[in-house]
Structure formats: structure tokens, C-alpha cells
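> Build me a structure from this.
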Amino acid sequence: MTTEYAYLTGGASGLGAATARMLGKRGIKVFIADRDAAGAEKIAKEIGGLFAVVDVADFKSQVKAFTQAVSQFPRIDYVYAIAGIGERRWLPQNSTTTSGHEFEMPDLSVLDINLNGVLYTASLAIQQSRRQEVGQHGFKGKIACVSSVCGWYCCPTLPVYTAAKHGVTGFVRSYGKYLPSEKITLNAVNPNVVRTNISTPAFYDSLEQRGLLTPIEGVVDAFESLLGDNPESGQTLEIGPNYAKGQGFVKRQAPEFVDAESEQVFELLEPRGRPLQLPG
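Numbering: from 1, shown residues only. Presented below is the predicted three-dimensional model:
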């Protein structure tokens, strides 16, 4: 079997590191891109891969890291957009005390990293895949993103994180249905709360005591299921606390149309937008 190659953001810890280790065990050569240079180097050495420092919210930074991977590997078979952060205070603390007509810009870094960063990574993956020949499993490239259960459920106190994850889920559910026409797949894994460095140990401990923590192995298993000749695209896979009890990951479908007329509108929208997606 021919060696395969993967590019992965957020691989220095958490979900990214676990996914990188899974790929390494399968003999896939991995290029890790993360803002944590020491962590990325550590995981890369552990699995015999390569690494680069990246700020996923900065497209030029992503281009630089991805270009390094392309220069080191003969092709890129798999791309994983995993880097992300948790909710931050997006409105200024002093918004109730500023006088008169003074307004401050909101902090949208959660959108910049969790949504725009994912789109940047996916855009690089698609451009590279279009330049490649079909690989041994019948695809030019396969892309997998980390979304969240906040990609379809709503938490009132996590508004920007929820908006970002809804964006990722919508992107995958829509564009993922188009890309197979180009021999490219795009899917997302939507886990419930997994113990990473996004939140605090105390919060994770409180969930674990109640049996509400989602095992990281479930996310890795979902990613692994999408490897090779799996043709699925546009799929979102939910992993929850019951994964360890045998529930497995659940394929979540997009909402049904409210009526036949709405469905017909979307049947007409699809060809309307298709010219915008065709390669040049």
C-alpha cells in the first residue's frame, strides 16, 4: 500500500494530538500545524512527522505552514481542521458604563479561529486537491473538520462559539454535498464536551462525576471511520457522553424542509449557485 499524507491544525494537544497519533499508527505521515511550537514538535517527534507554527486566524500564516507541508510531502491525502478555542467575553466589560455615544469593537476572535480558520484550512485543502491526481482510494483529497454539538444545539451563554460551530456545520452540510463531483470529500465531527484545554479541569471533573464527559476516543474513531475508501461527504457525526456505553457516533441529518415549496426553492438555488463553485 502506498504511503498517505495528512495535514492537521491544532495537533499539539487535545483532539488534534489524539488524531495525529491515530494517523501515525496507521502509517500515515502527518504534518502538524499549531501555534504551540513546543507541543507540535513533541507530537511530531513521537509519530515521526513534521510540524510548523501557525496562527489559523491569519490566512498568510496558514498558507506558509501549508506550503511547507506541500514542499515536504508528495501529496496531501487528508486535511484536518481541528484548531479551536472556547467562548470568550465578546462585549466589553465596561459596556454599561461608557458614556454617551462611545462604543467599543466586539472581540470576534472565536469566529476568526473557529470559523474563518476552518474555512481557510479547507480552502487550502481544496485548492491542493484540485491539483492532485486521484489517489489510491479514488479521491483527490479528504477534509475533516471539528465542529461541535453547538453546531445544532444552542447554549444561551456561548453565543459566538455557537455561531461559529453552526457556521462550520452549515458549510460541511452544504459544500460537502458538492465536492464529491470533484473527487473530494468534506465531513465534520461534532462532539459534546471532551476534556481538552478549552475549559477548566474543574469543569471537566464536574461533568465526569456525572457521567457527562464525552470520551476523546469517540472523536478519533469518527475521524478514523472517514479514512480510505469511505465515500461519505457532507456528513456531520455527533459523539456524546454515551459513546463509551456503546452508542457510537450518530449521523445527524439536516433539518427537513417545512413544506414542498421550500424544498423546490432549494432545488432551484442549487444550479443557481453551481457556477460559483466550479474550478476555474
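> Any stretches of the stretch 1-150 of the chain with poor pLDDT?
Where the stretch 1-150 of the chain drops to pLDDT under 70, the residues are 95-101.
> just the strands in this protein please.
In the chain, the segments counted as strands under DSSP state E are 5-9, 29-34, 50-53, 78-81, 141-146, 184-191, 236-239, 250-252.
> Give the bridge partners for the most centrally placed residue in the chain, please.
Central residue of the chain (C-alpha atoms, centre = their mean): Cys145, 2.1 Å from the mean position. Beta-bridge pairing for Cys145 (DSSP bridges): Ala81, Ala188.
> Quick check: it vs Lys45, distance?
Distance, Cys145 to Lys45, by C-beta to C-beta, to the nearest Å: 26 Å. Bear in mind the C-beta positions are built from the backbone N, C-alpha and C, glycine included.
> do Val79 as well
Using C-beta to C-beta, we find Val79 at a distance of 22 Å from Lys45.
> Show me which of those two is the more surrounded one.
Val79 (27 against 11; other C-beta atoms under 10 Å).
> Find the nearest non-adjacent residue to that one, please.
Distances taken as C-beta to C-beta, 6 or more residues apart in numbering put Ala125 closest to Val79, at 3.6 Å, once the chain neighbours are dropped.
> Among the strands of the chain, which comes closest to Ser109?
Across the strands of the chain, the minimum distance to Ser109, taken as C-beta to C-beta, is reached by strand 5-9, at 15.7 Å.
> Which secondary structure elements does the closest one sit against?
Helices and strands touching strand 5-9, by 3 or more C-beta pairs under 8 Å, 6 or more residues apart in numbering; DSSP states H and E, are helix 14-25, strand 29-34, helix 59-72, strand 78-81, helix 117-131.
> Out of these, which gets nearest to Gly228?
Among those, the nearest to Gly228 by C-beta to C-beta is strand 78-81 (9.9 Å).
> ok, and what's touching that closest one?
Strand 78-81 has contacts (C-beta atoms under 8 Å, 6 or more residues apart in numbering) with 4-11, 16, 19, 23, 28, 56, 117-118, 121-122, 124-125, 128, 141-146, 223, 227.
> Ok, stretch 157-176 next?
With contacts defined as C-beta under 8 Å, 6+ apart, stretch 157-176 is touched by 86-88, 90, 108, 110-111, 114-115, 118-119, 122, 145-148, 150-152, 154-155, 185-188, 190, 233-236, 254, 277.
> next one: that stretch to chain centre, how far?
Distance of stretch 157-176 from the chain centroid (C-alpha atoms, centre = their mean, to the nearest Å) equals 10 Å.
> in that stretch, what counts as buried?
158, 160-173, 175-176 (16 or more other C-beta atoms under 10 Å).
> May I have it exported as CSV, CA atoms only?
C-alpha atoms of stretch 157-176 as CSV (Å, rounded to 0.1, in the frame of the first residue of the first chain):
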residue,chain,number,x,y,z
THR,A,157,-24.3,31.9,27.2
LEU,A,158,-22.0,30.7,24.4
PRO,A,159,-23.3,32.8,21.5
VAL,A,160,-20.2,33.4,19.4
TYR,A,161,-18.9,29.9,19.8
THR,A,162,-22.4,28.6,18.9
ALA,A,163,-22.5,30.9,15.8
ALA,A,164,-19.0,29.7,14.7
LYS,A,165,-19.9,26.0,15.1
HIS,A,166,-23.3,26.5,13.3
GLY,A,167,-21.2,28.0,10.5
VAL,A,168,-18.9,25.0,10.3
THR,A,169,-21.8,22.6,10.3
GLY,A,170,-23.6,24.5,7.6
PHE,A,171,-20.5,24.7,5.5
VAL,A,172,-20.0,21.0,5.7
ARG,A,173,-23.6,20.1,5.1
SER,A,174,-23.8,22.3,2.0
TYR,A,175,-20.4,22.2,0.3
GLY,A,176,-19.8,18.7,1.4
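> residues in contact with Val146?
For Val146, the contacting residues are Gly10, Leu15, Tyr80, Ala81, Ile82, Gly84, Val118, Val168, Ala188, Val189, Pro191, Val219, by C-beta under 8 Å, 6+ apart.
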